[in-house]
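task: produce atomic coordinates for the following.
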Amino acid sequence: MNAGWVLLGVLLAGPALAEEFSQRRTVTATAFNSLPGQGHGEDHSLAAWGDTLVPGMKAIAVSRDLLAAGLDYGTAVKIEGLEGTWYVRDKMHARWRNKIDVYLGEDREEALQWGRRKVEIRY
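As a prediction, this is how the structure comes out:
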């Protein structure tokens with residue numbers, strides 16, 4: 001592929017990527033695992049929209065009020081304090097408000113260390 005075409009593609013993608021994370025919000029963030037006793041039902045790796053959560057996935061669950069705020073299924077999210085881009089793959093019980101739950105595979109200790117904190121997210 002010609003280097004000029006690659007550069008053109010990068011230039012064209014730049015504004016779209018900037019727009020992708022133009023919204024900001026401070027939320028309460030906790031962490032969860034796909035271990036027995038966490039989540040609803042018998043298959044603790046099955047998310048609300050039918051995705052199977054696999055350790056290493058960068059997935060989050062969102063409180064249902066955040067769905068209307070644009071954090072819908074598949075939305076890409078940057079989370080303060082975490083590297084990479086995370087994706088909305090699950091939704092939480094209706095009792096929660098302004099909250100995300102970060103999926104940390106099967107590492108219970110890592111989830112406990114994360115605890116509960118306020119973070120800024122961009123989406």
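
please make it C-alpha for all contacts and neighbour counts, starting now.
Noted.

just the strands from this structure, written as ranges.
Assigned by DSSP state E, the chain shows strands spanning 24-32, 59-62, 76-79, 86-91, 99-103, 117-122.

deepest-packed of the ones you listed, please.
Counting by mean count of other CA atoms under 10 Å, strand 59-62 has the highest mean neighbour count of the strands of the chain, with a mean of 25.

what pairs with that strand, parallel or antiparallel?
If you go by DSSP bridges, strand 59-62 pairs up with strand 86-91 (parallel), strand 99-103 (antiparallel).

hang on, the earlier thing: can I get the strands of the chain in a markdown table with mean pLDDT and distance to Leu46?
Shown next, in a markdown table, are the strands of the chain (pLDDT from 0 to 100; distance: least, CA to CA, whole Å):
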| stretch | mean pLDDT | distance to Leu46 |
| --- | --- | --- |
| strand 24-32 | 97 | 13 |
| strand 59-62 | 97 | 12 |
| strand 76-79 | 98 | 20 |
| strand 86-91 | 96 | 9 |
| strand 99-103 | 97 | 12 |
| strand 117-122 | 98 | 24 |
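
among those strands, which comes closest to Ala69?
strand 24-32 (9.7 Å; CA to CA).

for the closest one, packing partners?
strand 99-103, helix 108-114, strand 117-122 (3 or more CA pairs under 8 Å, 6 or more residues apart in numbering; DSSP states H and E).

what angle separates it from strand 99-103?
Put simply, strand 24-32 runs at 50 degrees to strand 99-103, going by axes from the mean of the first three to the mean of the last three CA atoms, to 10 degrees.

strand 24-32 to strand 117-122, inter-axis angle?
Going by the same axes, to 10 degrees, strand 24-32 makes 130 degrees with strand 117-122.

alpha carbons of strand 24-32, as CSV, please.
Taking Å, rounded to 0.1, in the frame of the first residue of the first chain, the C-alpha atoms of strand 24-32 are listed here in CSV:
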residue,chain,number,x,y,z
ARG,A,24,-17.2,13.1,29.5
ARG,A,25,-18.8,12.1,32.7
THR,A,26,-17.8,11.3,36.3
VAL,A,27,-19.2,8.0,37.5
THR,A,28,-18.8,5.6,40.3
ALA,A,29,-16.8,2.6,39.2
THR,A,30,-16.6,-0.9,40.8
ALA,A,31,-15.2,-4.1,39.4
PHE,A,32,-16.7,-7.6,38.8
